[in-house]
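> Generate a structure from the sequence data that follows.
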Amino acid sequence: MATIIDTLSAKPRHPEKAHRPDTPILRKPEWIRVKAPGSPIYTETKKIVRDNNLVTVCEEAGCPNIGECWSKKHATMMIMGDTCTRACSFCNVKTGLPGALDPYEPENVGQAIAKLGLRHVVITSVDRDDLADGGAQHFVEVIQAIRRLSPGTTIEILTPDFLRKEGALEMVVAARPDVFNHNLETVPRLYLNIRPGARYFHSLRLLQRVKELDPTIFTKSGIMVGLGEAREEVLQVMDDMRSAHIDFLTIGQYLQPSRKHAAVDRFVPPDEFKSYETVARTKGFLLVSSSPLTRSSYHADEDFAKLRDARNAQLARG
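Next up is the predicted model:
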C-alpha cells in the first residue's frame, strides 16, 4: 500500500500554541488523502530550495499537495522569514518576533526561479506587523529581481493585509505583479476565532483597491470550508468578492495541523465543492477552483493561462 501523508496527526510544531486547549482531530476521508512525496524531480526541487536558503509555504504550512507540486518543480516561495507576527488558529506557520529581513533574499529567490525554469511563480510571506511598511518594499524588490533574472516568468503574489500600513499596498501594486492574491480565508462570523488579527472588510477593500489602482492586474482570493460556516455565508462571501471585482476564487477544505489548532467541523464532500464552483461561475468570476485539495497556489501555472484566456474571451465579447 502506498504511503499516505496525514498532516492531521502531526504533533504541534510551535511552543507558542501550547496554551491553546486541545481540539479533537477527525480522521480524513479517502478523498483528501495523498501519496507521500519521493520522485527524483521532487528531490531536485528540494535541493534548489535548500541551496538558495529559501523558505516555502509548501513546507511551513504542511501543504498536502507538496509531493505533486514539487514533482513538477512548482514551489511557493515564502519571503521575509518563517516567523509570523500573528497567531491565526488555522495556520501552521510559527508565531513570534521575526528576525531582520535578509537583503540577499530577493536575489536568491530570482536565481532559484531561473534554475527551476518556472513559467509562473507564487510569492507569499508571513505577516510582518513589526515592519513600518509590512514588508511592502521587500515584495517590490523580490518582484524586481524575478523580472531581471527570469524575465519570462509571470508573477503571482499572495500578500498579508498590510493593516495600518499606509502606502504599502500602492507600493506593491506599482511593481505590477501579474496576479495579486490575498485570502479572505473564512466567512466574517468566524474571524474572531480563526483570523483574530485581521479584519474581513479591510481585506475585501484591499483587493478592491488593487483593481482601482491597476485594472490590468488579476485579483484572486480564497476561503477554507469545513470550519463551521453555513452555505449561505459562503455565497455571501462570493457576492462580496464580486462587488470588489475579484477575478479568481479558490475554495478548499480546511485541514487541522495539530490539536492546538482550530478543529475541523466537517469534511465537505466533493459534490458540495462542485456545487460551489457552479454557483461561483454564475456570479461572474473569471476562474473558480473548488475542491477538497484546492489551495491558493495549487495549479497556479495552469490557472494563470486559463485566467488570460478567460479575460481575452471576455474582451472579445465586448
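> Okay, strands next: where are they in the stretch 101-250 of the chain?
Along the stretch 101-250 of the chain, counting by DSSP state E, counting those that start in this stretch, strands occupy 120-125, 154-158, 179-181, 218-225, 248-253.
> Give me the sheet partners of the second one and which way each runs.
To tie it back to what came earlier, the one meant is strand 154-158. Strand 154-158 has the following sheet partners, assigned by DSSP bridges: strand 120-125 (parallel), strand 179-181 (parallel).
> how about CSV for those strands, with distance to T153 added?
For the C-beta atoms, the positions are set from N, CA and C on the backbone; glycine is no exception. Shown next, in CSV, are the strands paired with strand 154-158 (distance: least, CB to CB, whole Å):
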stretch, distance to T153
strand 120-125, 6
strand 179-181, 12
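> ok, of these, where does mean pLDDT dip lowest?
Across the strands paired with strand 154-158, strand 120-125 has the smallest mean pLDDT, namely a mean of 92.
> chain center to that strand, what's the gap?
9 Å (CA atoms, centre = their mean, to the nearest Å).
> So which residues lie in contact with that strand, not counting its own?
For strand 120-125, the external contacting residues (CB atoms under 8 Å, 6 or more residues apart in numbering) are 57, 76-80, 109, 113, 135, 138-139, 142-143, 146, 150, 153-160, 178, 181, 296-297, 300-301, 304.
> Turn the strands of the stretch 101-250 of the chain into a markdown table, including distance to V187 and mean neighbour count.
A markdown table is the format used below for the strands of the stretch 101-250 of the chain (distance: least, CB to CB, whole Å; neighbours: other CB atoms under 10 Å):
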| stretch | distance to V187 | mean neighbour count |
| --- | --- | --- |
| strand 120-125 | 22 | 24 |
| strand 154-158 | 20 | 23 |
| strand 179-181 | 19 | 25 |
| strand 218-225 | 7 | 25 |
| strand 248-253 | 12 | 25 |
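> what's the closest of the ones you listed to P196?
Checking the strands of the stretch 101-250 of the chain against P196 by CB to CB gives strand 218-225 as the closest, at 15.4 Å.
> how about L249, what does it touch?
220-222, 238, 241, 280, 285, 287-290.
> Quickly list what it is bridged to.
S221, V288.
> just the helices in the stretch 151-300 of the chain please.
Ranges of helices in the stretch 151-300 of the chain, per DSSP state H, counting those that start in this stretch, are 168-174, 191-194, 200-213, 231-243, 270-282, 300-317.
> In the last one, which residues are buried?
In this case it means helix 300-317. Burial within helix 300-317, assessed by neighbour count using 16 or more other CB atoms under 10 Å, is assigned to 300-301, 303-304, 307, 310.
> just how off-centre is that helix within its chain?
Offset of helix 300-317 from its chain centre (CA atoms, centre = their mean): 20 Å.
> Could you do stretch 129-148 as well?
With CA atoms, centre = their mean as the basis, stretch 129-148 stands 17 Å off its chain's centre.
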